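Trainee: model the following, please.
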Amino acid sequence: MVRSINNPGRSIEISGFCSPAFAAVKDAFYKNFTARGEVGASVSVTVRGETVVDLWGGNTDAAQKEPWQKDTICCVQSVSKEITALAFHMAVDRGLIDVDELVTTYWPEFGQAGKEKTKVRWLLDHRCGIPIVAGATPGMAYDWTRMTEGLAATAPLWEPGTTPCYHSANYGFIIGEVLQRVTNRSVGEFLRKEIAEPLGIDCVIGLRDEEDARVATFLDKEDHISQAWIDEGTNIFAKSWKIFWDDEDFNSREWRRAEIPSVNAHTNARALARICGVLACGGAIDGVRLLSAAAVERAAEVQWTGKDVQDRLLSLSLGFLMPTENFPSTGPRTIGMMGAGGATAFADPDLHLGFGYSMNAMDPAQSGRQRPQALVAALNSCLGR
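Mentor: Numbering: from 1, shown residues only. From the prediction side, this is the model:
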């Protein structure tokens, strides 16, 4: 596992742009480095499609010698689910998928072992009951066919549609297979061609060799609470994570090259803020339309709120986290996702605001949220909230 060094005396340089009206965000970003253990990170905010904050700083490596650059990208963990859900809703908007149809309409092999009547919407809102894949073995996650065939054969832990359970590792494979069946493109291919290229952003699932040089080393996994869950061994999260190599630190070649749409998108805050800007502005930004306004409204329909079977307080729409006390945001109708260690992205349709934060050192705090919480608190102060 790669750990960052303890270097409290290092010099921190923040680069980029920040509108004077949002100076408090820059101050909070700087303090994340000096007081909250940040190693390398970026933060960005768009309002009505205009970038008002675009900052980056710190280092991309454990030794804290290589500077974070404007085009540095890093793994954003579960924020990947938000990106994948956006792609899925684009297919829904095109009439390729109906969220109230049975999954077997698009993926016939899924209809076995008690999943025959599973609806598409239950895939999106984490109620399909297969957070653990049957026959999980280390390394399975890096093979799309093994994962999707395994998930198709898996019996649900509960009757589909009845029990909320955050599908940490499997979510992207489940909705990604449906997306692939109707578009004839993998999630990574769809993301590159249908989202990243039109928006002019760095955002990939499945890195290419030539992109490695711009990727920040992911750090401090063993200090994060998720490692303790994995080490405990018998909980749902630990069992769901058995599809990865035991020593996976989110830097391996297999991790970077594979398409694992639940957790291995590589991007930066600038890209996340633009993606969220699309959701915040009725489906379009800078003249680029990805979704209809009606599709955005549908995606934001809350499906359940409360504690799931893993005792996580969550509010889920059709693929996105909605506001709770655990999800820092700027308003009651924000839609987004947060990733293990701190990465955060959300859209606020009332303010037409997109927010993105990415980092390479997992926050060791129990909640793992102190750095994004500080940034969002500063953003709220700028907005008079």
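Trainee: if I read this right, Pro156 contacts Cys128, doesn't it?
Mentor: Yes: here Pro156 reaches Cys128: they are 6.8 Å apart, a contact under C-beta atoms under 8 Å. (Glycine included, C-beta is placed from N, CA and C.)
Trainee: quick one: the strands in this structure, in order.
Mentor: Assigned by DSSP state E, the strands in the chain fall at 14-18, 40-47, 50-58, 74-75, 203-205, 265-267, 284-285, 288-289, 304-307, 313-316, 335-338, 344-348, 353-359.
Trainee: format those as CSV; extra columns: distance to Gly150.
Mentor: Formatted as CSV, those follow (distance: least, C-beta to C-beta, whole Å):
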stretch, distance to Gly150
strand 14-18, 43
strand 40-47, 35
strand 50-58, 39
strand 74-75, 23
strand 203-205, 20
strand 265-267, 22
strand 284-285, 38
strand 288-289, 37
strand 304-307, 26
strand 313-316, 24
strand 335-338, 25
strand 344-348, 29
strand 353-359, 30
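Trainee: dump those strands to TSV, plus mean neighbour count, mean pLDDT and distance to Ala228.
Mentor: Below are those laid out as TSV (neighbours: other C-beta atoms under 10 Å; pLDDT from 0 to 100; distance: least, C-beta to C-beta, whole Å):
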stretch	mean neighbour count	mean pLDDT	distance to Ala228
strand 14-18	16	98	32
strand 40-47	29	98	24
strand 50-58	22	98	26
strand 74-75	28	98	20
strand 203-205	24	98	27
strand 265-267	29	98	24
strand 284-285	20	97	39
strand 288-289	15	98	42
strand 304-307	12	96	19
strand 313-316	17	96	19
strand 335-338	25	96	18
strand 344-348	29	98	21
strand 353-359	30	98	20
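Trainee: out of the ones you listed, which comes closest to Glu259?
Mentor: strand 203-205 (5.2 Å; C-beta to C-beta).
Trainee: mind listing the strands the closest one pairs with, and their directions?
Mentor: Partners of strand 203-205 in the sheet, by DSSP bridges, are strand 265-267 (antiparallel).
Trainee: so what touches the partner strand?
Mentor: When contacts are defined by C-beta atoms under 8 Å, 6 or more residues apart in numbering, strand 265-267 is touched by residues 73-76, 79-80, 83-84, 191, 201-205, 207, 211, 215, 256, 358.
Trainee: hang on, isn't Val215 packed against Arg256?
Mentor: Yes: counting by C-beta under 8 Å, Val215 does reach Arg256; the two are 6.9 Å apart.
Trainee: so for the two, which residues contact both of them?
Mentor: With C-beta under 8 Å, 6+ apart, Val215 and Arg256 have common neighbours Leu207, His266.
Trainee: identify the single longest helix in the protein, thanks.
Mentor: helix 79-93 (DSSP state H).
Trainee: which elements pack onto that helix?
Mentor: helix 171-183, helix 187-190, strand 203-205, strand 265-267, helix 269-280, helix 293-299, strand 335-338, strand 344-348 (3 or more C-beta pairs under 8 Å, 6 or more residues apart in numbering; DSSP states H and E).
Trainee: quick check: Ser262 vs Asp311, distance?
Mentor: 20 Å (C-beta to C-beta, to the nearest Å).
Trainee: more neighbours: which of the two?
Mentor: Legend: neighbour count by other C-beta atoms under 10 Å for Ser262 and Asp311, higher for Ser262 (23 against 7).
Trainee: give me the neighbour count for the closest residue to the more buried one other than its chain neighbours.
Mentor: Spatial nearest neighbour of Ser262, excluding adjacent residues (C-beta to C-beta, 6 or more residues apart in numbering): Gly172 at 3.6 Å. With neighbours defined by other C-beta under 10 Å, the count for Gly172 comes to 28.
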